[in-house]
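Participant: could you look at this predicted model? Sequence included:
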Amino acid sequence: MTDSYAFLRTSRWVGLIIGALVVSVACVFLGRWQWGRHEDKVEAVSRIERNWDAPAITLDDVVTSGLEVSGVLQWQRVELTGSFVPDSTVLLRNRPVSGSPAMHVLAVFEADLATGSPVAVVVSRGWLATGDTTAVADPPTGRRTVTVRLRVEEGQLDRHPPAGQVYTLNTGQVLAATGNPLLASLPALQGYGQDTSPVDPLRAFPEPARDLGPHLSYAFQWWFFAAAVPVGIAVLARRERVEGPGGPTGPRRRLADELAEDELIDSQLRPRA
């Protein structure tokens, strides 16, 4: 380090440099975080594109490797054959649809398998706007085939909702909310399905958004800040080397002082009105 930059060893400049490094590193990690969110969005949109118009599969295809619905099957159409379990209606409240307050109407479907015992599948039959006074009808009776779109199970919540309601689409909590003890003997799919053809007055769920969001641009902004901070410190250091810690010095400061002095003298010599 040359003598002209010896001031960088002062406590003031050491603190500035350390602070700049901390800010720059933080910006790098924030950029990586936004990049990760962008990659998650890309994967989610790719999954929608891959599964939304794919041919419907059977429940046997879904459970070949277990009862848990994996993210790979998100939005995949599945044909279920069987019947709705009586008295299994559960309401999912405070879950907006397309930005509008709504409640989802759930029921348990006892779906047949080609081999093995039936499987309980939570089906979101559709939704109603919050405040809609339309009576929620029981699910249709008798054997039928329904087509649903698979969704990954949500996590459990410790909140205690009113009877017959849930705050999360978690299979265990939905089955418990039905109050039907017979469901305890059925194996249950760890996930749920959205009915693609809800019965009036229930409304169909909209197609999921494919917008990637602003995360990519945010990532580049954070990385720009990460690079700009040390550049700014370097500019300040160079300016201080040239001008000194108090601003312009040497000939430029003397010239400024002389101009100010001349202006003062001129103002005193001007004739007064």
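Facilitator: Great, that's in hand.
Participant: the strands in the stretch 51-200 of the chain, which residues?
Facilitator: Along the stretch 51-200 of the chain, the stretches classed as strands by DSSP state E, counting those that start in this stretch are 57-58, 77-84, 90-92, 102-111, 119-129, 144-152, 165-166, 188-195.
Participant: using a markdown table, lay out these together with distance to Gln221.
Facilitator: Bear in mind the C-beta positions are built from the backbone N, C-alpha and C, glycine included. Converted to a markdown table, these look like this (distance: least, CB to CB, whole Å):
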| stretch | distance to Gln221 |
| --- | --- |
| strand 57-58 | 42 |
| strand 77-84 | 39 |
| strand 90-92 | 37 |
| strand 102-111 | 35 |
| strand 119-129 | 37 |
| strand 144-152 | 31 |
| strand 165-166 | 39 |
| strand 188-195 | 36 |
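Participant: just so I know, which of those lies nearest Pro201?
Facilitator: strand 119-129 (6.8 Å; CB to CB).
Participant: closest one to Glu39 among the strands of the stretch 51-200 of the chain?
Facilitator: Shortest distance between Glu39 and the strands of the stretch 51-200 of the chain, using CB to CB, is found for strand 144-152: 17.8 Å.
Participant: among the strands of the stretch 51-200 of the chain, which is nearest Leu67?
Facilitator: Closest of the strands of the stretch 51-200 of the chain to Leu67 is strand 188-195, at 5.3 Å (criterion: CB to CB).
Participant: could I get the strands of the stretch 51-200 of the chain as TSV with mean neighbour count, mean pLDDT and distance to Ile233?
Facilitator: Listed next are these as TSV, based on neighbours: other CB atoms under 10 Å; pLDDT from 0 to 100; distance: least, CB to CB, whole Å:
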stretch	mean neighbour count	mean pLDDT	distance to Ile233
strand 57-58	14	92	59
strand 77-84	19	94	57
strand 90-92	21	92	53
strand 102-111	23	93	52
strand 119-129	23	92	55
strand 144-152	18	94	46
strand 165-166	20	92	54
strand 188-195	22	94	52
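Participant: the residue nearest to Arg241 when sequence neighbours are not counted: what secondary structure?
Facilitator: Distances taken as CB to CB, 6 or more residues apart in numbering put Ser4 closest to Arg241, at 5.2 Å, once the chain neighbours are dropped. Three-state assignment for Ser4 (DSSP: H, G, I helix; E, B strand; the rest coil): helix.
Participant: isn't Ser4 right up against Glu240?
Facilitator: No: here Ser4 does not reach Glu240: they are 9.9 Å apart, not a contact under CB atoms under 8 Å.
Participant: which one of the two has more residues nearby?
Facilitator: Legend: neighbour count by other CB atoms under 10 Å for Ser4 and Glu240, higher for Glu240 (17 against 11).
Participant: mind checking how far the helix or strand harbouring Ser24 is from the chain centre?
Facilitator: Ser24 is part of helix 11-51, with elements assigned from DSSP states H and E. Relative to the centre of its chain, helix 11-51 is centred 15 Å away, using CA atoms, centre = their mean, to the nearest Å.
Participant: sec struct for the closest residue to Val42 other than its chain neighbours, please.
Facilitator: Distances taken as CB to CB, 6+ apart put Leu212 closest to Val42, at 6.5 Å, once the chain neighbours are dropped. Following three-state DSSP, we place Leu212 in the coil state.
Participant: quick check on Leu212: phi, psi?
Facilitator: phi -80, psi -10 (degrees, to the nearest 10).
Participant: residue contacts, it?
Facilitator: Going by CB atoms under 8 Å, 6 or more residues apart in numbering, Leu212 touches His38, Lys41, Val42, Val45.
Participant: do Ala111 as well
Facilitator: Leu59, Leu80, Thr81, Gly82, Pro118, Val119, Ala120, Val121, Leu189.
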